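Participant: here's a sequence, model it:
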Amino acid sequence: MKFEQLLNHLDSGVCVDQLQTESVVDLAVLLMSIDGEVCEKELSVLNQWIEKLCWNSEIESGLYISNMITHCKDVIAKGDAEHFIHHRMKHIVDAPIKELALRLTTQLAQADGIVTESESNALKVIEAEL
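Facilitator: Numbers count the residues shown, from 1 in each chain. Prediction:
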């Protein structure tokens, strides 16, 4: 049954859209985490965006974000942020979604009123992928 659902989702483009959506959220969470702390204002901005995005997953968006925060902290600690960005940007194939990723990550970097050097560097990598 699940395989049949997967095929139906592939046929309707749901999997591609969800992969792009998840990749945008992944980049957003990385930007929220890259300065060493995730503040409530950043989470609020991300949650507002997720309401606008078409989240179509069995994993609730809040749980997904929570898990991704943990993952991004590990990525940052290992110094793999740039590789993470390149990998996620490969999953974003639609130009409007790429631009959305840049707008969202820029807004998140500015959400706490301070754009750190690490946030600025990450934004430059994302922008270069456009």
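Participant: mind listing what's buried in the stretch of helix or strand residue 123 belongs to?
Facilitator: Taking DSSP states H and E as the definition, residue 123 sits inside helix 117-128. Neighbour-count burial for helix 117-128 flags 118, 119, 122, 123, 125, 126 (criterion: 16 or more other CB atoms under 10 Å). Every residue, glycine included, has its C-beta placed from N, CA and C.
Participant: out of those residues, who's nearest residue 39?
Facilitator: For the buried residues of helix 117-128, the minimum distance to residue 39 (CB to CB) is 12.5 Å, reached by residue 119.
Participant: element containing the closest residue to that closest one other than its chain neighbours, please.
Facilitator: Nearest non-adjacent residue to residue 119, counting by CB to CB, 6 or more residues apart in numbering: residue 109, 4.1 Å away. Under the criterion of DSSP H and E, residue 109 resides in helix 95-110.
Participant: which elements pack onto that helix?
Facilitator: helix 14-33, helix 40-52, helix 117-128 (3 or more CB pairs under 8 Å, 6 or more residues apart in numbering; DSSP states H and E).
Participant: and for residue 54, the neighbour number?
Facilitator: Per other CB atoms under 10 Å, the neighbour tally for residue 54 reads 10.
Participant: give me the phi and psi for it.
Facilitator: Per-residue torsions, residue 54: phi -90, psi 90 (degrees, to the nearest 10).
Participant: how far away is it from residue 74?
Facilitator: According to CB to CB, to the nearest Å, residue 54 stands 28 Å off from residue 74.
Participant: got the contact list for residue 84?
Facilitator: The contact partners of residue 84, by CB atoms under 8 Å, 6 or more residues apart in numbering, come to 26, 30, 72, 75.
Participant: C-alpha coordinates for the helix holding residue 123, PDB please?
Facilitator: Provided in PDB are the C-alpha atoms of helix 117-128 (Å, rounded to 0.1, in the frame of the first residue of the first chain):
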ATOM      1  CA  GLU A 117      29.500  36.700  10.000                       C
ATOM      2  CA  SER A 118      28.500  33.100   9.900                       C
ATOM      3  CA  GLU A 119      25.000  34.000   8.800                       C
ATOM      4  CA  SER A 120      26.400  36.300   6.200                       C
ATOM      5  CA  ASN A 121      28.800  33.700   4.900                       C
ATOM      6  CA  ALA A 122      26.000  31.100   4.700                       C
ATOM      7  CA  LEU A 123      23.700  33.500   2.800                       C
ATOM      8  CA  LYS A 124      26.500  34.200   0.300                       C
ATOM      9  CA  VAL A 125      26.800  30.400  -0.400                       C
ATOM     10  CA  ILE A 126      23.000  30.200  -0.900                       C
ATOM     11  CA  GLU A 127      23.000  33.200  -3.200                       C
ATOM     12  CA  ALA A 128      25.800  31.700  -5.300                       C
END
